[in-house]
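A.B. asks: Build me a model:
(chains A and B)
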Amino acid sequence: MRATVNQGRRTFLQAGAAAGGGLAIGFCIPGTARIAEAAGEAKLNAYVTIGTDGKVTVVCGQSEMGQGCHNSLSMLIAEELEVDLKNVHIEQGGIDPAFGNPRYIGFKAVGGFQATGGSSSVRNVGVVARRAGAAARFMLVSAGAEKMQVLRSECVAENGYVIHKPSGRKVSYGSVANDAAKMMAPDEPALKPRSEFKIIGKSTPRHDLPLKVTGKPIYGMDVRRPGLLTAVIAKCPVFGGKVKSFDATQALKVPGVKKVVQVSSGVAVVADGFWAAKKGRDALAIAWDEGSMAKVSSPDLYRSWAELAKGPTAAERLKTGDVGAALAGGAKRVEASYEVPFLAHVCMEPMNATAHFKGDSVEIWASTQAQSWNQHWVSQLTGLPPKAITIHTTYLGGGFGRRLESDYVLDAVDTSRAAGNVPVKVVWTREDDIQHDFYRPASHNVLQASLGPGGMPTAWRHRIVGTSILHYFKTFGHFLRKDGHDPTSTQGAGDYFPYDIPNVLVDYVNNNPGVPSGFWRSVGNSQNGFILESFVDELAHAAGKDPYQYRRQLLNKPIAARLRGVLDMAAERAGWGKPLPAGVHRGIAAHFAYGGYVAQVAEVSVAKDGNVKVHRVVAAIDSGWVVNPEMLKYQVESAICYGLSAALYGDITIKNGRVEQSNFNDYKMVRMDGMPRVEVHILEGEGEQGGGGEPGTPPIAPAVCNAIFAATGKRIRKLPIKPEMLRA
Amino acid sequence: MATTLELNVNGRSQKVSLEDPETPLLWVLRDNLGLMGAKYGCGIALCGACVVHVDGEPVRSCNTQAARVAGRKITTIEGLSRTGAHPLQKAWIAEEVPQCGYCQSGQIMSAAALLAKNANPSESEIEKAMDGHICTCGTYNRIRKAIQTAAAMMRKGA
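C.D. replies: Predicted coordinates:
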């Protein structure tokens, strides 16, 4: 295969011959190592190939977990390439710097930056994909014009053909794909203007739906390999604990158990199937060195954070005006403390991965959101160079940020190696999954505000004390600010502050004795959105004003225009102010996260026993121009359900360093009878494109709690909402 | 001491040798027979990802011993229709139900058992039949609608 390479000045397009003939267009992300290697015989990791038979294949480096990125990226490429989406085949790409995500360009510590998170597939990777499609179209048109011996300027691309406009003659993409592969790739391929979009903006069902209604073996959990063994690992129930000693005698007597080996995360029982491995684990006798976390329990944590909140020092995230003076001088002062709990991710597919360590290389099959970080940490564990580490990405049975971590992948590699270089699938039980997660940070929050004579706030002070993701997640550590501040901790509280208040101070104290902390759908916004939107509601009521109109009045800065747009849309579509059935009350909230502006109105009733019923949620989202409207709608539906489960039930508590919850009996999720009717309205503006997967999560908890206040006069300042807080 | 069971799965009788006679059906299906449609989600019959039919009834295969269903008619999602021709599968696609999709085999199997007995279930009957399932992607409203769509298709003889 010959690869003609155009490194361009600023573009890093790669074009060349596809493996089976035809044209292949790949991409290099600035800052990755691929460019130098691309000349000569290097394999081209294509975003898109056009075969000599006209077959178009889109290869996605992004991971598919139902958010539809494989389809949205294919739509973007097909749009630019001018081919019918029905003729596009979609494949999951391997691990390669070519699939680096521009969102994570700053991560110099690890190579490649291939990861799916931060609602970035469309808005960040999508730009790269469109350029690949546009470059292919440009080269095919050039090759077509040459073949027809006509002027290139008289030719257009349409539905897989190059058409000579004056004569109506045409040649198919397939017939000129080989010639196109010899062309120079354009430095800056022209992208189509929105007015010419034919595919983008139309709801198109995902290609993976048929696989998912027929039970096809597409998940990491379903991986089968010749000679594959299954392992279940006993991990210390206390965070950070280590194996002191273990006795495998009884475990080895369980029929089907092959080996018991110590690995970095505990003791692995390797068997010919899950059931034997699990029974083997149950039969292990292990003495643990529990370490310092054995003394840590949730009530102590919250108490110590409440104390720390009174302290003089904190890292400032947002400071305008003079909060101290304004608080002292206000006509009315409002103060409140808010507490949010640790949360587990609870992907329906429990953590698992398959690995075959072969001495000088390792092959991995995993449902992962973060191929590059997996590769980095496997390299650290094994000493193998990254290129000796192959990762096959399967479909993900849920991600929500949990699968950005590498622990479960390391488990598989570690066990495969320790068991004698055999292929092993490590399966976590649901209990393992809940008790060994990287939890959404918990925090204690102190809020203070003063209201001016008209009831509008003159000062806003928010101090956050809790655990930090970036202090815990090593790969991201260098994204901490110089003062040690973790921007994800104040995300949604101080990075974008939409309300027009002259004096604002948002600051943060990190304190974590060692609770694993991680990225959870919408990250810092998930806590701070709740706190900010609840406290604004408190101010509205303190001022004696309608919570919708009060917000509206506060959202008058230019940066708040889009948030006000969705607030208005949600209020209007929900019929804000119009009568509701007896006992049903409304709450409203609006929040910006990951490029998306979302407002929600929740209709809620509270029974005498304190049980909360959410009847209906009306949501409005402005995420810029939309690739697949139906897909965006069901992402918001999903985000609402995920956020509602957390608001109503989500509570990971720690006792003596152990997580007290274990399965769906004590870590509950919303089921069908608890799912509200959801209406999602899209406000498609001209603004910058935003994300889809995460922005819908933050507003649901405050919308529900604000409705609870409207219903009962009781303010929920500590999640989850418990019936005993609301009993009449 | 291995036990040999004769399991009738998706219309085919198969002999399975088990070291542990208490092995749940789920793991026999997945590890012994290579049928990956039924999923492991919780292991304690609380999420429904593992639902299969035994003599037409929805059963949680994660806590049903394989030995107890030997000789009975077991149907997994693979046996419902491998090609996706069942009205529920068509409706699931039409309503764009699955997101991550991991729970959907179980959801569809429970819905199929419901529709086999009740051609026109009310919303509360649907909720009652489906409440043993968890979908963390939150596809419940689309599931409810897809069941109604499939029921209508079946009543028309689709």
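
A.B. asks: Return the set of buried residues in the top helix by length along chain A.
C.D. replies: As assigned by DSSP state H, the longest helix anywhere in chain A is helix A:126-148. If you call a residue buried by 16 or more other Cβ atoms under 10 Å in any protein chain shown, then helix A:126-148 has these buried ones: A:126, A:128-146, A:148. To be clear about C-beta, it is placed using only N, CA and C from the backbone, and glycine gets the same treatment.

A.B. asks: Past it, which element shows up next along the chain?
C.D. replies: Remark: after helix A:126-148, the chain's next helix or strand is strand A:155-158, criterion DSSP states H and E.

A.B. asks: How about exporting the helix or strand just after that next one as CSV, limited to the C-alpha atoms?
C.D. replies: Later in the chain than strand A:155-158, the nearest helix or strand by DSSP H and E is strand A:161-164. Output in CSV follows, covering the C-alpha atoms of strand A:161-164 (Å, rounded to 0.1, in the frame of the first residue of the first chain):
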residue,chain,number,x,y,z
TYR,A,161,-21.1,10.2,-8.4
VAL,A,162,-19.0,12.9,-9.9
ILE,A,163,-21.3,14.7,-12.4
HIS,A,164,-20.2,17.0,-15.2
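
A.B. asks: By residue count, tell me the biggest helix in chain B.
C.D. replies: Secondary structure of chain B per DSSP H: the longest helix is helix B:140-155.

A.B. asks: I'd like the average pLDDT over the longest helix of chain A.
C.D. replies: Helix A:126-148 carries an average pLDDT of 93.

A.B. asks: who does that helix touch, helix- and strand-wise?
C.D. replies: strand A:13-17, strand A:23-27, strand A:46-50, helix A:69-81, strand A:155-158, strand A:161-164, strand A:170-172, helix A:173-180 (3 or more Cβ pairs under 8 Å, 6 or more residues apart in numbering or on different chains; DSSP states H and E).

A.B. asks: at 6 Å what do you get?
C.D. replies: strand A:23-27, strand A:46-50, helix A:69-81, strand A:155-158, strand A:161-164, helix A:173-180 (3 or more Cβ pairs under 6 Å, 6 or more residues apart in numbering or on different chains; DSSP states H and E).

A.B. asks: how close does A:M65 get to A:S175?
C.D. replies: Going from A:M65 to A:S175 by Cβ to Cβ, to the nearest Å gives 38 Å.

A.B. asks: more crowded one of these two?
C.D. replies: A:M65 (25 against 18; other Cβ atoms under 10 Å in any protein chain shown).

A.B. asks: what sits against A:K147?
C.D. replies: Counting by Cβ atoms under 6 Å, 6 or more residues apart in numbering or on different chains, A:K147 touches A:171, A:176.

A.B. asks: mind running it again at 10 Å?
C.D. replies: Residues near A:K147 by Cβ atoms under 10 Å, 6 or more residues apart in numbering or on different chains: A:162, A:169, A:171, A:175-176, A:179-180.

A.B. asks: And the longest helix of chain A, how far out from the chain middle?
C.D. replies: Computed by Cα atoms, centre = their mean, to the nearest Å, the chain-centroid distance of helix A:126-148 equals 32 Å.

A.B. asks: try stretch A:370-390
C.D. replies: With Cα atoms, centre = their mean, you get 22 Å for stretch A:370-390.

A.B. asks: What of stretch B:61-80?
C.D. replies: 10 Å.

A.B. asks: In that stretch, which residues are buried?
C.D. replies: So stretch B:61-80, judged by 16+ other Cβ under 10 Å, has buried residues B:61-62, B:64-67, B:69-70, B:74-80.

A.B. asks: ok, and A:A561, which helix or strand is that part of?
C.D. replies: With DSSP H and E as the criterion, A:A561 is inside helix A:561-574.

A.B. asks: ok, how many other residues are close to A:P547?
C.D. replies: 25.

A.B. asks: Can you pull the phi/psi pair for it?
C.D. replies: Note on A:P547: its backbone torsions stand at phi -60, psi -30 [degrees, to the nearest 10].

A.B. asks: That one and A:V536, how far apart?
C.D. replies: 8 Å.

A.B. asks: Now for these two: what residues contact both?
C.D. replies: Common neighbours of A:P547 and A:V536 (Cβ under 10 Å, 6+ apart) are A:588-589, A:706.

A.B. asks: quick one: which of those residues sit in strands?
C.D. replies: A:588-589 (DSSP state E).

A.B. asks: mind putting the shared contacts of A:P547 and A:V536 in JSON lines, pLDDT and distance to A:F473 included?
C.D. replies: Below are these laid out as JSON lines (pLDDT from 0 to 100; distance: Cβ to Cβ, whole Å):
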{"residue": "A:I588", "pLDDT": "98", "distance to A:F473": "34"}
{"residue": "A:A589", "pLDDT": "98", "distance to A:F473": "28"}
{"residue": "A:N706", "pLDDT": "98", "distance to A:F473": "32"}
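
A.B. asks: Just name the closest of the shared contacts of A:P547 and A:V536 to chain B, please.
C.D. replies: A:A589 (17.9 Å; Cβ to the nearest Cβ).

A.B. asks: pLDDT weak spots in chain B?
C.D. replies: Where chain B drops to pLDDT under 70, the residues are B:158.

A.B. asks: Please parse it into its domains.
C.D. replies: Here the domain parsing of chain B from automatic domain parsing is B:3-80, B:87-155.

A.B. asks: Off-centre distance for stretch A:597-608?
C.D. replies: Using Cα atoms, centre = their mean, the offset of stretch A:597-608 from its chain centre is 24 Å.

A.B. asks: Pull out the buried residues from it.
C.D. replies: So for stretch A:597-608, counting by 16+ other Cβ under 10 Å, buried means A:597-606.

A.B. asks: Mind checking which of those land in helices?
C.D. replies: Going by DSSP H, the helices hold none of these.

A.B. asks: Now those residues in TSV, please, with extra columns for pLDDT.
C.D. replies: Output for those, formatted as TSV (pLDDT from 0 to 100):
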residue	pLDDT
A:Y597	98
A:V598	98
A:A599	98
A:Q600	98
A:V601	99
A:A602	98
A:E603	98
A:V604	98
A:S605	98
A:V606	98
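
A.B. asks: can you narrow the residues you listed to ones near chain B?
C.D. replies: Applying Cβ under 10 Å from any Cβ of the partner chain to the buried residues of stretch A:597-608, one finds that nothing falls near chain B.
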